[in-house]
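K.L.:
fold the following, please.
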Amino acid sequence: MRNIVFAILLASAAASCSTQHSPGLPHRQGEASVLEDGAVNEAQHINQPKPIMVWDDLLSRPKPAPDATITYGADALQLVDVWKPKGTGPHPAVVMIHGGCWQTEVATRDIMNWIADDLRARGVGVWNIEYRGVDRGGGYPGTYLDVGAAADMFAAKRGEYGFKVGAPVVVIGHSAGGHLALWLARRAGLTKGDALRGERPLKVDVAISQGGLPDLRAQMTLPDHGCGNEAAAKMAGAEFARTSPPEMPKGRARELQFNNDLDSIAPPSFGAAYGAEMVTTPGEGHAELIAPETVSWGKQRAVILKAFGLKEPKT
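P.N.:
Numbering: from 1, shown residues only. As a prediction, the model looks like this:
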């Protein structure tokens, strides 16, 4: 079911880059044409842009598995997948948050498994958070309480799982998870005693939004948006100063946005409106942001490795 919903969300992205559309095979403008004699127009073929990924390109692959799954609450969705690099630790680790329009039916944490595995292979651990979506008892305040509790558990117990206590704290989130990553970065600025803040909120050094949806007020009013308006309204709870990053006090974290120019779910205009550092990759869409072989993920990975003082392994 989730794969079907993802396909629907990306249909507009594929259509916007197509001249014709066959089921499951988006065709892009400039695609090589077959001549009447069966020869391929080689000049057009050379200049043909690569089709953007559809979700099945990622989700149909063999799925790597985490090293452990732990709980941070009693609900079945209050879980964290722990990814531990091989070798003697402690290792640095990132806090990771999946997207899916803030809806559990659309996506769960396993959509991030491929980039989590990619980081693990490079000596970086991953704390991959599951949370209640707006369709599973989340929204305001449940989703925030979940993400905050899981993040604070990382702060308190990362040493027990072989992660380096003194390493910079890097959080990364895709799509709706990008909103939550930026929210975590600004959460410590909420008023003491606020339940969303918590008693000892994780102090974030670097927050990475991967095609994020940072502005809940905007998401509630945009027409024809892939995630719709209702989920954003449930996430806002009319408490924008506590839930929507652009209306929260800026924190100490360096905030970075990675956007792709063919992404119709979270186009670069979303990042430009938010105003933090932004890196835009041409020729890629929404799914490429969490696929390990893409240009856009390579840029994100480079930032993560640099934050931890690591280098790409030699091949």
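
K.L.:
can you give me the pLDDT of Ala121?
P.N.:
Listed pLDDT for Ala121 reads 97.

K.L.:
let me see the mean pLDDT of the longest strand anywhere in the chain.
P.N.:
Criterion DSSP state E: the longest strand present in the chain is strand 254-260. Here strand 254-260 scores 98 as its mean pLDDT.

K.L.:
which residues of the stretch 101-250 of the chain score low on pLDDT?
P.N.:
The stretch 101-250 of the chain contains residues with pLDDT under 70 at 224.

K.L.:
just grab the bridge partners of the closest residue in space to Thr69 that isn't next to it in sequence for me.
P.N.:
In space, Thr69 comes closest to Asp81 once its chain neighbours are excluded; the distance is 5.3 Å by CB to CB, 6 or more residues apart in numbering. (Glycine included, C-beta is placed from N, CA and C.) Asp81 has these beta-bridge partners by DSSP bridges: Thr69, Asn128.

K.L.:
so what's Gly212 up against?
P.N.:
Contacts for Gly212 (CB atoms under 8 Å, 6 or more residues apart in numbering) come out as 173-179, 181-182, 257, 266, 270-271, 274.

K.L.:
which one of the residues you listed is nearest Arg122?
P.N.:
The closest of these to Arg122 turns out to be His174 (CB to CB; 18.5 Å).

K.L.:
hmm, back to that, can you list the strands that the longest strand of the chain pairs with?
P.N.:
Strand 254-260 has these strand partners (DSSP bridges): strand 206-210 (parallel), strand 277-281 (parallel).

K.L.:
indicate which one of the ones you listed is closest to Gly251.
P.N.:
Gly251 lies closest, by CB to CB, to one member of the strands paired with strand 254-260: strand 206-210, at 8.4 Å.

K.L.:
in the closest one, which residues are buried?
P.N.:
By 16 or more other CB atoms under 10 Å, the buried positions in strand 206-210 come out as 206-210.

K.L.:
stretch 112-127 now?
P.N.:
For stretch 112-127, a neighbour-count test (16+ other CB under 10 Å) marks 112-120, 122-127 as buried.

K.L.:
give me the subset of these lying in helices.
P.N.:
Counting by DSSP state H, the part of these found in helices is 113-120.

K.L.:
got a markdown table for these, with distance to Gly309 too?
P.N.:
Listed next are those as a markdown table, based on distance: CB to CB, whole Å:
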| residue | distance to Gly309 |
| --- | --- |
| Asn113 | 25 |
| Trp114 | 24 |
| Ile115 | 20 |
| Ala116 | 20 |
| Asp117 | 21 |
| Asp118 | 18 |
| Leu119 | 15 |
| Arg120 | 17 |
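
K.L.:
and the strands in the chain?
P.N.:
Under DSSP E, the chain gives strands at 18-22, 25-28, 68-71, 79-83, 93-97, 125-129, 170-174, 206-210, 254-260, 277-281.

K.L.:
for those, could you give me CSV that also reports distance to Lys299?
P.N.:
CSV is the format used below for the strands of the chain (distance: least, CB to CB, whole Å):
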stretch, distance to Lys299
strand 18-22, 26
strand 25-28, 22
strand 68-71, 29
strand 79-83, 21
strand 93-97, 15
strand 125-129, 18
strand 170-174, 12
strand 206-210, 10
strand 254-260, 6
strand 277-281, 6
